[in-house]
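Sequence first, predicted model second:
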Amino acid sequence: MRDLKRNQKKNKKVRQNRRKEQKKSLNWRKMLTHGLRAGVALFSVTMLLVGGFFITQLLLASDLFKIDQIEVQGNGRLTAQQVEALSDIELGVNTFSLELDLIGRKIEENSWVEKADVRRIFPRQVVIDIKERRPVAIINLGYLYYLDDQGEIFKVLGASDSLDYPIITGFSYDRAQGHDAEYAMRLRQIVKLLDDLNSRELFTLGQVSEIHHEADSGFSLFTLDGGVRVKLGFLEHKKKLDRLERIYTQLKSKLRILDYIDLNVDEKVIVRIERPKKTAKS
């Protein structure tokens, strides 16, 4: 009897456990709500895309946004007509069809243009603002090139280009065109030297015809009057030129009989007066 009762109790417990293990019924209302929300979101996105497409087509077809004016700013050497031609923008084209970055890069392909910024002025205007390169010297690399105020070699000289700049010599074409790091640094030094000369009152940029570069001894200036060599080296150019200016008033009238002026000795100006005798040509 005891065993029977025990079995009945065990069977009762098993049936209770089985009732607990039964799966819960699905919440159809919750699933329907989530599905409805997802459908509404998808429909909204689709309508936005379709609406955006149709609005874009309307804007592109509208006469209200057809370009009727191109304004060029910042130009000096290039004419407004030349800049417009470089841009390839045609009057009557829709402003929203213009790729402004691409137009700017096209304009910058011109050697004289350092930077071109193109922007829309709604509804019908485009403004092209350019920054032109400023030449400060001519560098001889076999052909003559302009050097700008950033130390960049940017244009081979043509027949109509001005030669009224100091000449830079002693640089290799291959290293200069190969963006040699040392050459780039030296060219920036030359730009700084030119700026310093341009700000002086006694020994000025207008009195310099050439700047020569030598890998082992540095820079030398050649005076426009007499072609006198002024040895500067690579460092402390401002300090050395200050020292030269202290006696330059006395030297200026004697330039045609000087061989060279050496500024590479601390606190001194060494002047060689007698020119070496030139060997007669046979």
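Yes, it's here.

doesn't E71 fall inside a strand?
Yes - looking at E71 with DSSP: H, G, I helix; E, B strand; the rest coil, it is inside a strand.

So it sits against I128, correct?
Yes - here E71 reaches I128: they are 7.1 Å apart, a contact under CB atoms under 8 Å. In short, each C-beta sits where N, CA and C put it, glycine included.

Between those two, which has more neighbouring residues?
The neighbour comparison of E71 against I128 (other CB atoms under 10 Å) goes to I128, with 24 against 12.

Please name the residues that touch that one.
By CB atoms under 8 Å, 6 or more residues apart in numbering, the contact list for I128 reads 70-73, 83-84, 87, 103, 107, 116-118.

Going by residue numbers, what spans are helices in the protein?
Assigned by DSSP state H, the helices in the chain fall at 2-20, 28-61, 80-87, 100-108, 173-177, 181-198, 237-252.

what about the stretch 151-282 of the chain, any weak spots by pLDDT?
274-282 (pLDDT under 70).

can you map out the strands along the stretch 101-250 of the chain?
Remark: strands assigned in the stretch 101-250 of the chain by DSSP state E, counting those that start in this stretch are 113-121, 125-132, 135-140, 144-148, 153-156, 167-169, 208-214, 218-223, 229-233.

With distance to K254 as added columns, please give the ones you listed in JSON lines.
Shown next, in JSON lines, are those (distance: least, CB to CB, whole Å):
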{"stretch": "strand 113-121", "distance to K254": "43"}
{"stretch": "strand 125-132", "distance to K254": "41"}
{"stretch": "strand 135-140", "distance to K254": "27"}
{"stretch": "strand 144-148", "distance to K254": "31"}
{"stretch": "strand 153-156", "distance to K254": "36"}
{"stretch": "strand 167-169", "distance to K254": "24"}
{"stretch": "strand 208-214", "distance to K254": "17"}
{"stretch": "strand 218-223", "distance to K254": "11"}
{"stretch": "strand 229-233", "distance to K254": "14"}
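
Quick one: neighbours of T95, just the number.
T95 has 21 nearby residues by other CB under 10 Å.

How about the contacts made by the closest residue to it other than its chain neighbours?
Leaving out its chain neighbours, the residue that sits closest to T95 by CB to CB, 6 or more residues apart in numbering is F65, at 4.7 Å. Contact analysis of F65 by CB under 8 Å, 6+ apart lists 59, 94-96, 122-124.

Recalculate using a threshold of 6 Å.
Residues counted as contacts of F65 (CB atoms under 6 Å, 6 or more residues apart in numbering) are 94-95, 123.

What pLDDT does the model give it?
F65 carries a pLDDT value of 87.

Next one: it relative to Y145, how far apart?
43 Å (CB to CB, to the nearest Å).

Likewise for V208?
Separation of V208 from Y145 (CB to CB): 18 Å.

what's the answer for A215, then?
The separation that A215 has from Y145, given CB to CB, amounts to 20 Å.

So for V208 and Y145, which residue has more residues nearby?
Taking other CB under 10 Å, V208 and Y145 do not tie; Y145 has more neighbours (23 against 20).

Can you give me the pLDDT of that one?
We have a pLDDT of 97 for Y145.

The chain should start at 53 in everything you say after this.
Got it, first residue is 53 now, which makes that one Y197.

quick one on the thing from earlier: narrow the contacts of I180 to those that are buried.
Burial by neighbour count, 16 or more other CB atoms under 10 Å: within those this picks out 122, 124, 135-136, 139, 155, 159, 168, 170.

Thank you kindly, that will do.
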